[in-house]
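> got a structure for you, letters missing:
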């Protein structure tokens, strides 16, 4: 017996009604719908998640919070002082005696291995400053040099030779600096110790002496560690702000880091995936542009969300957050791009490393999916009817 058109039509109507009534759970989707996300804060199973409707004020507050202090304000600028000698340094002493020489005569120096030049200058052999912090000068004895400047040492030697030599004058030269250095490591061509010099060493010069960074500038960050404190800034920001090219001091450790930052984008957008961005940071508007923007046929402009773990003091919360995960508040930021004012907020809102951006489907997109399913049932029926299979 052939099925009647009436029976099949009734069956199709019943199936369509069932599909429409169950579309919320049956229709495939790239993720939760807008209402599911906005109601997360009230959900018993998701209690503790904060939902923040982003406006320009909130975006600016987060932008200020994300801006790290500058090197120039975080570290005290070292005062440029004369070099202070320490154990391990290599010194050489030159002594000049006015004619007629009384002390450093050829007769006095014979058998010592020392000789005076024709100008009356005596060059002593190079000496490493030992743990005792002294060097030895003939007729002057052991000279304490640890912690003293070259001028201090010259004055002390001259004082001890006065009355023995005829108007002695002394020059002390630092041959090799082994105690006051800056360490440059990380993603540079040559990890090395950069010796301090009179006048000091600037940050960018220390990096240049180490051969420069090996990774792209826009993806490199520079960390300075000093006296138990550390701070990191993007290299690009240092190049843009000459004040952050600070003078370094002995003992500083400069580390060039390669830290590719990224965010993940999902939902009704042009391209799903993980997207890298520069160490200097980007805004939400830039992030949306890099993923191809919202999908015109699927997206809900009012359902743009950013998921992030936020420090408790980052925002002025209406109610104090009750749930902390590793000391941070699980937060969903919502952007209603149907409101033109939100685009100004998007231009200021900073995207951070490991953020997740999600754009939900529009309700009309769900309806269209249901209609497509219904159509896939109705069209074959019409085809069978046109061929006389059913009547």
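That came through, no problem. On a predicted model such as this, the values are computed, not experimentally measured, just so you know. Residues are numbered from 1 along each chain as shown.

> from here on, contacts and neighbour counts on C-alpha atoms
OK.

> Residue 255 pairs with what?
residue 185, residue 223 (DSSP bridges).

> In this structure it contacts residue 190, no?
No. Taking CA atoms under 8 Å as the definition, residue 255 is not a contact partner of residue 190, at 11.8 Å.

> more crowded one of those two?
A count of neighbours by other CA atoms under 10 Å puts residue 255 above the other of residue 255 and residue 190, at 20 against 17.

> distance of the more buried one from residue 159?
Going from residue 255 to residue 159 by CA to CA, to the nearest Å gives 45 Å.

> ok, longest strand in the protein?
Using DSSP state E to define each element, the chain has its longest strand at strand 299-310.

> Each with direction, which strands does that strand pair with?
strand 329-335 (antiparallel), strand 356-361 (antiparallel).

> so which of those strands comes closest to residue 220?
Evaluated with CA to CA, the strands paired with strand 299-310 place strand 356-361 nearest to residue 220, the distance being 22.5 Å.

> pLDDT below threshold where in this protein?
Flagging of the chain using pLDDT under 70 yields the residue ranges 1-31, 36-46, 68, 80, 105-120, 364-391.

> Domains of it: list them as residue ranges, please.
25-53+261-369, 90-176, 180-258 (automatic domain parsing).

> What distance do you get for the closest residue to residue 190 other than its chain neighbours to residue 226?
For residue 190, ignoring the flanking residues on the chain, the nearest one in space by CA to CA, 6 or more residues apart in numbering is residue 210 at 5.0 Å. Look at residue 210 and residue 226: by CA to CA, they are 19 Å apart.

> So between the two, which is more surrounded?
Neighbour count, other CA under 10 Å: between residue 210 and residue 226, residue 210 has more, with 20 against 16.

> Please tell me how far that one sits from residue 245.
16 Å.

> same deal with residue 202?
Counting by CA to CA, the gap from residue 202 to residue 245 is 6 Å.

> do the same with residue 94
For residue 94, the distance to residue 245 - CA to CA - is 37 Å.

> again, but for residue 214
19 Å.

> Residue 260 too?
Counting by CA to CA, the separation of residue 260 from residue 245 is 23 Å.

> for residue 163, same thing?
According to CA to CA, residue 163 and residue 245 sit 50 Å apart.

> Looking at these two, which is more packed in?
Just comparing residue 163 and residue 245: by other CA under 10 Å the higher neighbour count belongs to residue 245, 17 against 12.

> and the residue lying closest to the more buried one once chain neighbours are set aside, what is it in contact with?
Once flanking residues are discounted, residue 245 sits nearest to residue 203: 5.3 Å by CA to CA, 6+ apart. Applying CA atoms under 8 Å, 6 or more residues apart in numbering, we find residue 203 in contact with 245-248.

> which of those residues tops the neighbour count?
Going by other CA under 10 Å, residue 248 tops the contacts of residue 203 with 25 neighbours.

> That one reaches residue 199, doesn't it?
No. In this structure, residue 248 is not within contact of residue 199 by CA under 8 Å, at 10.5 Å.

> still on that earlier bit, of the strands paired with strand 299-310, which stretch is the most buried?
strand 356-361 (a mean of 24; mean count of other CA atoms under 10 Å).

> Give me the contact list for it.
29-34, 263-269, 294, 298-301, 303-308.

> Quick one, which of the residues you listed are buried?
With burial judged by 16 or more other CA atoms under 10 Å, the buried subset of those is 29, 33-34, 263-269, 294, 298-301, 303-308.

> Tell me which stretches of the stretch 151-300 of the chain form helices.
203-209, 235-240, 284-290 (DSSP state H, counting those that start in this stretch).

> quick one: buried residues of the second one?
By that I understand helix 235-240. Result for helix 235-240 [16+ other CA under 10 Å]: buried residues 235-238.

> Also the first one?
For helix 203-209, burial by neighbour count (16+ other CA under 10 Å) applies to 203-204, 206-207, 209.

> Any chance of the residues you listed in CSV with distance to residue 174 as columns?
Shown next, in CSV, are those (distance: CA to CA, whole Å):
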residue, distance to residue 174
203, 23
204, 25
206, 20
207, 24
209, 20
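
> Would you agree the residue nearest to residue 190 is in contact with residue 191?
Yes. Applying CA under 8 Å as the test, residue 210 and residue 191 come out as touching, 6.2 Å apart.

> Common neighbours of those two, please.
residue 184.

> for the stretch 151-300 of the chain, what spans make up the strands?
Assigned strands in the stretch 151-300 of the chain, in chain order: 169-176, 181-186, 192-195, 201-202, 220-226, 229-234, 247-248, 253-258, 261-267, 273-277, 282-283, 299-310 (criterion: DSSP state E, counting those that start in this stretch).

> what residues does the second one touch?
With contacts defined as CA under 8 Å, 6+ apart, strand 181-186 is touched by 191-196, 206-207, 210, 248-257.

> give me that answer again for 10 Å
Residues from elsewhere that reach strand 181-186, judged by CA atoms under 10 Å, 6 or more residues apart in numbering: 190-197, 201, 203, 206-207, 209-210, 213-214, 222-225, 248-258.

> Same question for the third one.
Counting by CA under 10 Å, 6+ apart, the neighbours of strand 192-195 from elsewhere in the structure are 176-186, 201, 205-207, 209-211, 250-251, 253.

> run the last query once more with 6 Å
By CA atoms under 6 Å, 6 or more residues apart in numbering, the residues outside strand 192-195 that reach it are 181-184.

> just to revisit the earlier point, the contacts of strand 181-186, buried ones only, as a PyMOL selection?
Buried residues within those, by 16+ other CA under 10 Å, are selected in PyMOL with:
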select buried, resi 190+191+192+193+194+195+196+201+203+206+207+209+210+213+222+223+224+225+248+249+250+251+252+253+254+255+256+257+258
